[in-house]
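Colleague: structure, please.
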Amino acid sequence: MWSEKPRILSREVRCNTLCEMLVKARRSKRISFDAIRDDGLAEVRHQTFADVDQFWHAVDHTADTYRLDLQTDQPYHMEVWVEATGMLKQIASVVNPYGIAAYSSGGFDSVTTKHDAGARLAGLDRPAVVLSVGDYDPSGCSKVDSAAEDMAAFADGYDPDHEPIIFDMIAITPDQIDRYDLPTAPAKPTDRRGGDFGATVQVEALTPPMIAHEVEAAIVTYRDQAAHDRTLARQRAERGLIRRQLEDMTDQARRIP
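Modeller: Sure thing, here's the model as predicted:
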């Protein structure tokens, strides 16, 4: 009887096989294209118009893009740092309704980036809260600690009396590992910062709905909802004003021979 020893595939081969299966599943419509994010294409496109009427129609709708700073009158200035650059767009879509900026914290290995962030936060008139989203491992935690220390030092150089800068690691946390029963792995033996760190978890272990829930829950703890509602009400009123002014302007322009 013919038999074959089971093959033990390398991690790279397993990864490539999985990627090929996913591509075939998306092509055959077994998996929706919207279910997997693929940020491979970078695009630069210039706006064009079919004719003058289309241009004025676009002008009429520019009022819809008018937006106030939704962090106005909030007790804290907030921003989110995301370790995985591939997650940046996903996190940005969650925090955008709150007027909060999202940054790829992978770039915070750069001294220039940390210097510029320190200068930016030192100039604020209220405390700053940096929500950090990243892996739960020695390397990820060390990067956050290092960035926080360097940025605070640069901020002190600009203004020794600057408002407090608060770093809040909101994902991944030990509580989330237990609550979501996330898959773990031992720390890499080559990571000298490991020590007795124990189990590690990649941030990608959280599904998009889980990430969105954790980020929004953290935002709510620092946010003044009444101030947010007031700013939105003012934004709606001013959009209406701009829309009426644009309508008058475009009507006059269309009457010009």
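
Colleague: got the contact list for the residue nearest to E247 when sequence neighbours are not counted?
Modeller: Leaving aside its sequence neighbours, E247 sits nearest to D60 (C-beta to C-beta, 6 or more residues apart in numbering; 6.4 Å). Any C-beta I mention is one placed from the backbone N, CA and C, and that applies to glycine too. Shown in contact with D60 (C-beta atoms under 8 Å, 6 or more residues apart in numbering): R243, L246, E247, T250.

Colleague: am I right that I177 is in contact with A199?
Modeller: Yes - assessed by C-beta atoms under 8 Å, I177 is found in contact with A199 at 7.3 Å.

Colleague: please say which of these two ends up with more neighbours.
Modeller: When I177 is set against A199 and neighbours are counted by other C-beta atoms under 10 Å, the residue ahead is I177, at 17 against 14.

Colleague: hang on, the earlier thing: overlap in contacts, I177 and A199.
Modeller: Contacts common to I177 and A199, judged by C-beta under 8 Å, 6+ apart, are T184.

Colleague: re earlier: now a ChimeraX select for only the buried ones of the contacts of D60.
Modeller: Burial among the contacts of D60 is assessed by 16 or more other C-beta atoms under 10 Å; the matching ChimeraX selection reads:
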select :243,246,250
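
Colleague: least confident of the contacts of D60?
Modeller: Among the contacts of D60, T250 has the lowest pLDDT, at 74.

Colleague: could I get the contacting residues of that residue?
Modeller: Counting by C-beta under 8 Å, 6+ apart, T250 has contacts W56, V59, D60.

Colleague: in whatever helix or strand R230 lives in, what's buried?
Modeller: In this assignment (DSSP states H and E), R230 forms part of helix 225-255. Within helix 225-255, the residues that count as buried by 16+ other C-beta under 10 Å are H228, T231, Q235, R239, R243, L246, T250.

Colleague: residues in contact with stretch 235-244?
Modeller: Under C-beta under 8 Å, 6+ apart, the answer for stretch 235-244 is D60, T62, A63, D64, Y66, R67, L68.
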